[in-house]
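>>> what's the 3D shape of this:
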Amino acid sequence: MYLRSVELLIEKNENLDQYPFNIPTINSLNKLEFRNNVTFFVGENGSGKSTILEGIAHQCGFNTAGGGRNNFYEINAAGSSLGEYLRLSWLPKISNGFFMRSESFYQFASHIDSIGAHEHYGGRSLHEQSHGESFLNLFVNRFNRKGLYLLDEPEAALSPARQLSLLRIIRDLADTSQFIIATHSPIILGYPGGQILSFDNGGIAEIAYEDTDHYQITKSFLENRNGMLKELFKD
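Alright, predicted model coming up:
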């Protein structure tokens with residue numbers, strides 16, 4: 001494990017009532033500690049998962065639009081509003097890694113086309129592959145040596161079967177690499193032994209897999225689909 005903790009430098013901030021510091025989980029953040037090579041951020045939309053992940057990417061020198069240290073391109077609204085207020089603690093520090101941002105993956109693929117780096121991503125343009133194929137080719141071909149890998153909703157383009165393939169990739173690298181993953185997928189969250197941090201209820205707290213909303217709602221739906229839909233659709 002390389003990244004040990006993330007600390008919010010509140011003394012540098014003079015705008016606690018403005019974004020992103022008005023997000024309850026960020027406002028209440030003191031120090032976030034990682035105790036595992038694989039950590040998951042879970043919580044409702046807007047709970048601060050992606051904001052903190054982007055802030056970590058910023059401090060690592062990764063492109064916050066998506067990519068590593070050597071991917072230089074820009075898109076509108078990319079960047080970190082939190083990164084300069086974070087302090088990362090390392091043991092040891094590592095520079096290799098990647099920030100995978102699902103919402104701007106199209107622009108990342110265009111960047112790879114523009115620099116002619118297809119050989120590092122499966123040998124052909126990511127735009128010439130299906131969305132799921134391009135995601136998986138990124139994981140297989142770019143995540144191939146020790147590093148810190150930050151993934152923001154990697155399940156966005158992956159079928160359930162390919163989510164399982166991602167779990168295998170993580171397992172194959174977990175002894176030499178560190179993963180921090182923001183996800184809504186109960187499949188990806190099921191990775192054995194992973195640390196799960198919930199961003200709900202105004203703070204960040206470690207939670208068991210079976211206690212996550214993702215697991216409980218999915219389990220209830222699969223076990224009682226008709227009953228849940230009847231309740232949902234009633235007038």
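>>> residues contacting T39?
Q178, F179, I180, I181, G194, Q195, I196, L197 (Cβ atoms under 8 Å, 6 or more residues apart in numbering). C-beta: built from backbone N, CA, C; applies to glycine.
>>> That one: which element?
Following DSSP states H and E, the helix or strand that holds T39 is strand 38-42.
>>> Quick one: distance of that strand to the chain centre.
Averaging C-alpha positions (Cα atoms, centre = their mean, to the nearest Å) puts strand 38-42 8 Å from its chain's average.
>>> relative to strand 38-42, how tilted is the helix or strand following that strand?
As assigned by DSSP H and E, the chain's next helix or strand after strand 38-42 is helix 49-60. Orientation of helix 49-60 against strand 38-42 (axes from the mean of the first three to the mean of the last three Cα atoms, to 10 degrees) gives an angle of 140 degrees.
>>> what's the farthest-apart pair in the contacts of T39?
Longest distance between any two of those is 15.3 Å, between Q178 and I196; criterion Cβ to Cβ.
>>> can you give me phi and psi for N201?
Backbone torsions for N201, taken as degrees, to the nearest 10, come to phi 70, psi 30.
>>> right, I mislabeled it, should have said I180
Main-chain dihedrals, I180, degrees, to the nearest 10: phi -130, psi 120.
>>> count of neighbours near it?
For I180, the neighbour count with other Cβ atoms under 10 Å is 27.
>>> if I pick it, what's in contact with it?
Counting by Cβ under 8 Å, 6+ apart, I180 touches L3, F34, T39, F41, L53, I56, L148, Y149, L150, L151.
>>> The last one: which element?
By that I understand L151. strand 148-152.
>>> Next, the angle from that strand to helix 49-60.
If you take the same axes, to 10 degrees, strand 148-152 sits at 150 degrees to helix 49-60.
>>> what helices or strands is the helix or strand just after strand 148-152 leaning on?
Once strand 148-152 ends, the next helix or strand along the chain (criterion: DSSP H and E) is helix 160-173. Using 3 or more Cβ pairs under 8 Å, 6 or more residues apart in numbering; DSSP states H and E as the contact test, the elements touching helix 160-173 are helix 131-142, helix 186-189.
>>> and those helices, which one's lowest on average pLDDT?
If you rank these by mean pLDDT, helix 131-142 sits at the bottom with a mean of 80.
>>> Can I get that one in CSV? Just the C-alpha atoms.
Below are the C-alpha coordinates for helix 131-142, written out as CSV (Å, rounded to 0.1, in the frame of the first residue of the first chain):
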residue,chain,number,x,y,z
HIS,A,131,-17.8,1.3,-24.8
GLY,A,132,-17.4,-1.8,-22.6
GLU,A,133,-14.5,-3.1,-24.7
SER,A,134,-12.6,0.2,-24.5
PHE,A,135,-13.0,0.3,-20.7
LEU,A,136,-11.8,-3.3,-20.3
ASN,A,137,-8.9,-2.7,-22.8
LEU,A,138,-7.8,0.3,-20.7
PHE,A,139,-7.8,-1.8,-17.5
VAL,A,140,-6.0,-4.8,-19.2
ASN,A,141,-3.3,-2.8,-21.1
ARG,A,142,-2.7,0.3,-19.0
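>>> List the buried residues in it.
Buried positions in helix 131-142, judged by neighbour count with 16 or more other Cβ atoms under 10 Å: G132, E133, S134, F135, L136, N137, L138, F139, R142.
>>> just stretch 138-157 next, same as before
Within stretch 138-157, judged by 16+ other Cβ under 10 Å, the buried ones are 138-139, 142-143, 147-157.
>>> Let's see the distance spanning that stretch from one end to the other.
For stretch 138-157, the first and last residues are 12 Å from each other (Cα to Cα, to the nearest Å).
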